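Student: Here is my input, please return the structure:
(one chain, ligands or ions: 1)
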Amino acid sequence: MLRSPAAALLRRLAPRITGCSGEAGSSTRRTLPPYISSSSFLARFSSTPTSSPPPSSVGARDDEAEDDKLPGSSGDSGARLSISVDRAGLYSPPEHSHEPSSDSDLVKHLKSIINFRSGPISIAEYMEEVLTNPQSGYYMNRDVFGESGDFITSPEVSQMFGELIGVWAMCLWEQMGQPEKVNLIELGPGRGTLLADLLRGSAKFVNFTKALNINLVECSPTLQKVQYNTLKCEDESVGDEKRTVSKLCGAPVYWHASLEQVPSGFPTIIVAHEFFDALPIHQFQKGSRGWCEKMVDLAGDSSFRFVLSPQPTASLIFLSKRCQWASPEELEKVEQIEVCPKAMEISEQIADRISSDGGGALIIDYGKNGIVSDSLQVCILKLFRYT
Ligand SMILES: C[S@@+](CC[C@H](N)C(=O)[O-])C[C@H]1O[C@@H](n2cnc3c(N)ncnc32)[C@H](O)[C@@H]1O
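Tutor: Residues are numbered from 1 along each chain as shown. So this is what the prediction gives:
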């Protein structure tokens, strides 16, 4: 993409991340959580001869080594089992400072996650917080599109874009035998411009528009309101129930936080434009230890920096899935691979829905056909006024 949402990070939010300078744990500020190494674990679970009396357990802190008598042991001599619990990795209080900070709420939040974990987070987690954190996520409480926003998308450039997609949708509906009810689903509709142009363009084909149940999958409450206005929605009472209807075509409109929530059982037409490129990605880098996940950590000066995971992460499973679709020659050439598990999951949901309900999907995004190494971009634009 320009992960156009990276435009996300564009102007306001983008916490800066410096390049991947090394493996996690090489930070000057602090070391990574003490991962359990078998030697340190065994050293604390050992049978030791002792001649001195065991310390009283009364009043002893449970994080101190305790030498309790074993049932059946004679007490003050002979081999005894010493057990203690290494709690160092269980809680690591976040660093606390009274210094005034210029960090935004989102940056503070990201730093607190990394501090609380005592270790780095995946790029996917970082990206998800930056884009869709309910309080300060990029999309969540502002309209970022168009000339007055941060970036522009095809539907915002020309109405022809949505109208042409409308022609495709009507052809598909015809091919399906003009079903009386059809779920028209748009994933990540932004301002709702594409759909509004689609509905205006197809308004004369009344049998088509009468069949529509419009379902919008949108995570942002602010953009949901913008979509409501763009589609000229009104709330209506039908008996005891309320429903929202688009006055552009008279079709009912529903909003959902995910595709899974859209009711199934009808033939389905799915449209997604620049939606998949807004989903969080993981990145993996080839190294002497094999593929390691690239993570986001804090450097000594508290800025964000990339590090490599010190040990395999759970998301490696998605890397191996991705690699199944690549040729050995292609894999040989790349040093870094980007994987989007959420995109894999949603694609599977789309395929399942279409195979059970019938229909089709039109997914439009812009990028390379093949392994993507690094599409994540963070730009900060500073505007200067020349006088
Ligand atoms: C790059 S914009 C594209 C907008 C629109 N399709 C267009 O072309 O103008 C991505 C859209 O997906 C929405 N979105 C991003 N992540 C989402 C998620 N996980 N679930 C639902 N919607 C999401 C954003 O709020 C936004 O509406």
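
Student: Assign residue 184 to helix, strand or coil.
Tutor: Using DSSP: H, G, I helix; E, B strand; the rest coil as the criterion, the local structure at residue 184 reads strand.

Student: Contact partners for it?
Tutor: Contacts of residue 184 were listed using CB atoms under 8 Å, 6 or more residues apart in numbering, and they are 169, 212, 213, 214, 215, 251, 269, 271. (Glycine included, C-beta is placed from N, CA and C.)

Student: From the ligand, how far out is the last one?
Tutor: Counting by CB to the nearest ligand atom, to the nearest Å, the gap between residue 271 and the ligand amounts to 9 Å.

Student: Please settle this for me: is that residue part of a strand?
Tutor: Yes. Secondary structure of residue 271 (three-state DSSP): part of a strand.

Student: Nearest to the ligand among the contacts of residue 184?
Tutor: Taking CB to the nearest ligand atom as the measure, the ligand sits nearest to residue 271 out of the contacts of residue 184, at 8.5 Å.

Student: Show me the beta-bridge partners of that closest one.
Tutor: As for beta bridges, residue 271 partners with residue 186, residue 362 under DSSP bridges.

Student: quick one: secondary structure of residue 199?
Tutor: Here residue 199 takes the helix state, with states given by three-state DSSP.

Student: hang on, the earlier thing: inside strands: which ones of the contacts of residue 184?
Tutor: 212, 213, 214, 215, 269, 271 (DSSP state E).

Student: Just the pLDDT at the fifth one, thanks.
Tutor: The pLDDT attached to residue 269 in the predicted structure is 98.

Student: Number of residues surrounding it?
Tutor: Using other CB atoms under 10 Å, residue 269 has 24 neighbouring residues.

Student: There's contact between residue 173 and residue 211 in this structure, I believe.
Tutor: Yes. With contact defined as CB atoms under 8 Å, residue 173 counts as touching residue 211 (6.9 Å).

Student: Those two: which is more packed in?
Tutor: Taking residue 173 and residue 211 together and counting by other CB under 10 Å, residue 173 has the greater number of neighbours (23 against 20).

Student: give me phi/psi at the residue nearest to residue 323 when sequence neighbours are not counted?
Tutor: For residue 323, ignoring the flanking residues on the chain, the nearest one in space by CB to CB, 6 or more residues apart in numbering is residue 331 at 6.1 Å. Main-chain dihedrals, residue 331, degrees, to the nearest 10: phi -70, psi -40.

Student: shared neighbours of residue 173 and residue 211, anything?
Tutor: Residues touching both residue 173 and residue 211 by CB under 8 Å, 6+ apart: 179, 182.

Student: residues from the stretch 101-250 of the chain in reach of the ligand?
Tutor: Contact residues (CB under 6 Å from any ligand atom) of the stretch 101-250 of the chain with the ligand: 132, 139, 145, 153, 155-156, 188-190, 194, 217-220, 223.

Student: Output the longest strand belonging to this protein.
Tutor: Assignment by DSSP E gives strand 290-298 as the longest strand of the chain.

Student: name the helices or strands packed onto it?
Tutor: The elements that strand 290-298 packs onto, with contact taken as 3 or more CB pairs under 8 Å, 6 or more residues apart in numbering; DSSP states H and E, are strand 17-23, helix 105-117, strand 121-122, helix 123-132, strand 282-287, strand 304-308, helix 316-323.

Student: list the buried ones in that strand?
Tutor: Residues of strand 290-298 classed as buried: 291, 292, 293, 294, 295, 296, 297, 298 (neighbour count, 16 or more other CB atoms under 10 Å).

Student: Pull it out as CSV, backbone CA atoms only.
Tutor: Extracted C-alpha coordinates of strand 290-298, given in CSV (Å, rounded to 0.1, in the frame of the first residue of the first chain):
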residue,chain,number,x,y,z
GLY,A,290,16.4,-18.5,10.6
TRP,A,291,13.3,-16.3,10.3
CYS,A,292,12.7,-14.0,13.2
GLU,A,293,9.8,-11.7,13.8
LYS,A,294,10.4,-8.0,13.6
MET,A,295,9.0,-6.3,16.7
VAL,A,296,8.6,-2.8,18.1
ASP,A,297,10.5,-2.0,21.3
LEU,A,298,11.6,1.1,23.2
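
Student: Tell me which residues are up against stretch 250-260.
Tutor: 184-185, 187, 199, 209-210, 212-219, 224, 227-228, 231, 233, 243-246, 262, 346, 349-350, 353.
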